[in-house]
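Peer 1: When you get a sec, could you give me coordinates for this:
(one chain, ligands or ions: 1)
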Amino acid sequence: MKALITGITGFAGSHLAEYLLARGDVEIYGTYRARSRMDHIAHIADRIRLVECELQDREAVEKMIAQIKPEHIYHLAAQSFVPASWSFPAETLMNNIVSQLNIFEAVRMADIPCKIQVACSSEEYGLVYPDELPVQETNPLRPQSPYAVSKIAQDFLGYQYFQSYGLSIVRTRTFNHTGPRRGERFVTSNFAKQIAQIELGLQPPHVYVGNLQARRDFTDVRDVVKAYWLALERGVPGSVYNISSGSTRTIQEVLDTLLSFTSAPVQILVDPKRLRPSDVEVLLGDATAFCEQTGWKPEIPFHQTMRDLLQYWRDTLQAQARTKGGG
Ligand SMILES: C[C@H]1O[C@H](OP(=O)(O)OP(=O)(O)OC[C@H]2O[C@@H](n3cnc4c(=O)[nH]c(N)nc43)[C@H](O)[C@@H]2O)[C@@H](O)[C@@H](O)C1=O
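Peer 2: Presented below is the predicted three-dimensional model:
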């Protein structure tokens, strides 16, 4: 079976590639861009097929899909950092929407039997009222950022291409996910990296933070990528599914959990640059529909995820220090 992962060099993409490799029955293709960093997939590079492709280039995408003829496409490539979408709204919308349109059109042109998973987001729900929690797929969408709008467009295009052309598309609205290799701009990884830097004497004992009152529903990325596989194996084409743990934590609790794993004394400082024009206050997902349809359930406890993430940064920073020191 041939699977294509867009954004294979990224956080979720690299974990999905590892998961599919472990299954043993999947030939894995992945797209990357000239500027993509390869460090997340260096350890598996000899077991996957990498294809350089700018997804905003319609002809390049058509050529790539026609050549590979994938049976599964996991469309994970996106501009996924919410604050960047306020700084670069047009780029976020163009990148996220046009890339996906090119993939859909290329599959349609190639006329191949191919299942497509679209990585949508809990950010689409945006403003959620207390009596709407936990959020179900039927909840109104009240976006709070250009990123959220781009994901709503991706989501609805997935619906429309299923309805109009019968493309076998399953949409996954994934809530926050984290774990080793999470990009350092995202809150869990950012705090973990700062703590690891403090432990190694690489930064003064100050942890800079933004809004600690926000609440999020976190799942381990290693559970999330299993959900993506199951979405295509057992999900109903045309459907949209929440992927979430069903429990919520404040960002303060995230910070406290990470700090419980270190003996380094730290001072917490609010950095006004980390506050957003509008922050989604609370996200808590109801994944009952997905769990019942596919048998998925998240298995890795939050504390384990946080411990592994902090260890990832300790190992990464130590390796960087060894490289710089020449030893
Ligand atoms: C589902 C959704 O999940 C992610 O979006 P996000 O929730 O914006 O993720 P984040 O880790 O940037 O922020 C989480 C919360 O943490 C607060 N916060 C406090 N202090 C800092 C801080 O220092 N840095 C950051 N980044 N956030 C902070 C921040 O204000 C927010 O309330 C993406 O994967 C996105 O692609 C996606 O789809």
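Peer 1: just the helices in the stretch 201-327 of the chain please.
Peer 2: 221-234, 251-259, 288-294, 302-325 (DSSP state H, counting those that start in this stretch).
Peer 1: Need the winner for burial among those helices.
Peer 2: The highest mean neighbour count among the helices of the stretch 201-327 of the chain, using mean count of other CB atoms under 10 Å, belongs to helix 221-234: a mean of 22. For every residue, glycine as well, the C-beta is placed using N, CA and C.
Peer 1: How about Arg274: what's its closest non-neighbour residue?
Peer 2: Gly210 (3.0 Å; CB to CB, 6 or more residues apart in numbering).
Peer 1: what about the one you found, distance to the ligand?
Peer 2: Distance of Gly210 to the ligand, given as CB to the nearest ligand atom, to the nearest Å: 3 Å.
Peer 1: repeat for Gly285
Peer 2: To the ligand, Gly285 is 9 Å away according to CB to the nearest ligand atom.
Peer 1: now swap in Thr248 and tell me
Peer 2: Thr248 sits 12 Å away from the ligand, taking CB to the nearest ligand atom as the criterion.
Peer 1: Just to check, that residue is in contact with Val282?
Peer 2: Yes - Thr248 lies in contact with Val282 (CB atoms under 8 Å); the separation is 6.5 Å.
Peer 1: Establish whether stretch 2-9 and the ligand are in contact.
Peer 2: No - Stretch 2-9 stays clear of the ligand (CB under 6 Å from any ligand atom), getting no nearer than 11.8 Å.
Peer 1: Can I get that stretch in CSV? Just the C-alpha atoms.
Peer 2: This file holds the C-alpha atoms of stretch 2-9, laid out as CSV (Å, rounded to 0.1, in the frame of the first residue of the first chain):
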residue,chain,number,x,y,z
LYS,A,2,1.3,3.4,-1.0
ALA,A,3,0.9,6.3,1.4
LEU,A,4,1.8,9.9,0.8
ILE,A,5,2.4,12.2,3.8
THR,A,6,2.6,16.0,3.0
GLY,A,7,4.8,17.7,5.5
ILE,A,8,6.7,14.5,6.4
THR,A,9,9.6,16.5,7.7
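Peer 1: Adding mean pLDDT and distance to Glu62, write the helices of the stretch 201-327 of the chain out as CSV.
Peer 2: As requested, the helices of the stretch 201-327 of the chain are exported to CSV (pLDDT from 0 to 100; distance: least, CB to CB, whole Å):
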stretch, mean pLDDT, distance to Glu62
helix 221-234, 98, 22
helix 251-259, 98, 42
helix 288-294, 98, 31
helix 302-325, 95, 37
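Peer 1: Among the ones you listed, which comes closest to Pro205?
Peer 2: Smallest distance to Pro205 across the helices of the stretch 201-327 of the chain (CB to CB): 11.5 Å, for helix 251-259.
Peer 1: If you count contacts, what does that closest one end up packed against?
Peer 2: Applying 3 or more CB pairs under 8 Å, 6 or more residues apart in numbering; DSSP states H and E, one finds that helix 251-259 contacts helix 187-199, strand 206-209, strand 215-216, helix 302-325.
Peer 1: how about 7 Å then?
Peer 2: Judged by 3 or more CB pairs under 7 Å, 6 or more residues apart in numbering; DSSP states H and E, helix 251-259 is in contact with helix 187-199, helix 302-325.
Peer 1: Of all those helices, which one is nearest the ligand?
Peer 2: Evaluated over the helices and strands packed on helix 251-259, closeness to the ligand peaks at helix 187-199, with 3.5 Å, by CB to the nearest ligand atom.
Peer 1: Next, the angle from the closest one to helix 302-325.
Peer 2: Helix 187-199 and helix 302-325 are oriented at 50 degrees to each other (axes from the mean of the first three to the mean of the last three CA atoms, to 10 degrees).
Peer 1: per-residue confidence averaged over helix 187-199?
Peer 2: The predicted model assigns helix 187-199 a mean pLDDT of 98.
Peer 1: Contacts made by that helix with the rest, please.
Peer 2: Under the contact criterion CB atoms under 7 Å, 6 or more residues apart in numbering, helix 187-199 has outside partners 178, 182-184, 203, 205, 207-208, 251, 254-255, 258-259, 262, 264, 266, 309-310, 313-314, 317.
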